[in-house]
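Asker: sharing a sequence plus its predicted fold:
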Amino acid sequence: MIKTITVFGSSKAVETDEQYKLAYELGVLLAKNGFDVCTGGFFGIMEAVSKGAVENGGEAIGVTVNNWGLDANKYLTKEIKCSSLFERINKLIEAGEGFVILQGGTGTLLELATVWELSNKRLMDNKPIACHSSMWREINSVMNKQMKLEGRDDDIVKSFNTVGEIVEYLIQKLI
C-alpha cells in the first residue's frame, strides 16, 4: 500500500532558490521510494515537491482554499478544495501518514505546531514528523527543553540535515 507524506513549506520559494531545489529533490526521492505527496497545493515548496513526485511516478495531492483566489499548481494529480485555513490544515493532516516540514514562515510554523500538539496530546496516531533546516532544528531544540521540563515526550519531532536522511527515516518508520 502506498503511503502519503504531507509536506509543509513556504509558498514563496522560486525555482532558482535552494529551498525549491531541495523540495523538488524530496519529491523525487519520496516517489522513487513508493510514497505519494500531499501539500497545500499552491506554489513554492508545495509546487516543487509535487513536481518532483509526479515526474517520478508519484501522485501529488493538493489541499487548497477556495476563497484565496489562487489557482493550484499544475503538477497536482488530485485537488481537495477547502473553504477555510483550518479545514485545509485538518485535511492535510488527515491525508498524511507522515509529515515533513521544510523552510517556511508562520503558516508552516502553524502546521508544525498543529501536528506536534496532536502527537503530544495523543490525539492522532503516532506518525513520523521530520524537519529540515537550521531554523526548525533551533525551534525543535527549544521546544524539547520545555517538553522535558513538563515531563512530556521530547522526541516527537526529528531534525535532519538532508532530504535523503528524511526519506530513510520515513522508510524505516512506514515501510
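Answerer: Sure, I can see it.

Asker: when you work out contacts or count neighbours from here on, use the C-alpha atoms and nothing else.
Answerer: Fine.

Asker: the helix or strand of the chain with the lowest mean pLDDT - contacts with which helices or strands?
Answerer: Of all helical and strand segments in the chain, the minimum by mean pLDDT, DSSP states H and E falls on helix 134-149, at a mean of 94. Packed against helix 134-149 by the contact rule (3 or more Cα pairs under 8 Å, 6 or more residues apart in numbering; DSSP states H and E) you find strand 157-160.

Asker: just the C-alphas of the strand it packs on, formatted as CSV.
Answerer: Only the C-alpha atoms of strand 157-160 are listed here, as CSV (Å, rounded to 0.1, in the frame of the first residue of the first chain):
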residue,chain,number,x,y,z
VAL,A,157,9.9,15.8,16.0
LYS,A,158,13.1,14.8,14.4
SER,A,159,15.5,17.2,12.7
PHE,A,160,17.6,16.1,9.6
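
Asker: what's the mean pLDDT across that strand?
Answerer: For strand 157-160, the mean per-residue pLDDT is 97.

Asker: how about that strand: buried residues?
Answerer: For strand 157-160, the neighbour count (16 or more other Cα atoms under 10 Å) marks 157-160 as buried.

Asker: what does stretch 129-137 give?
Answerer: Of the residues in stretch 129-137, 129-133, 136-137 count as buried by neighbour count, 16+ other Cα under 10 Å.
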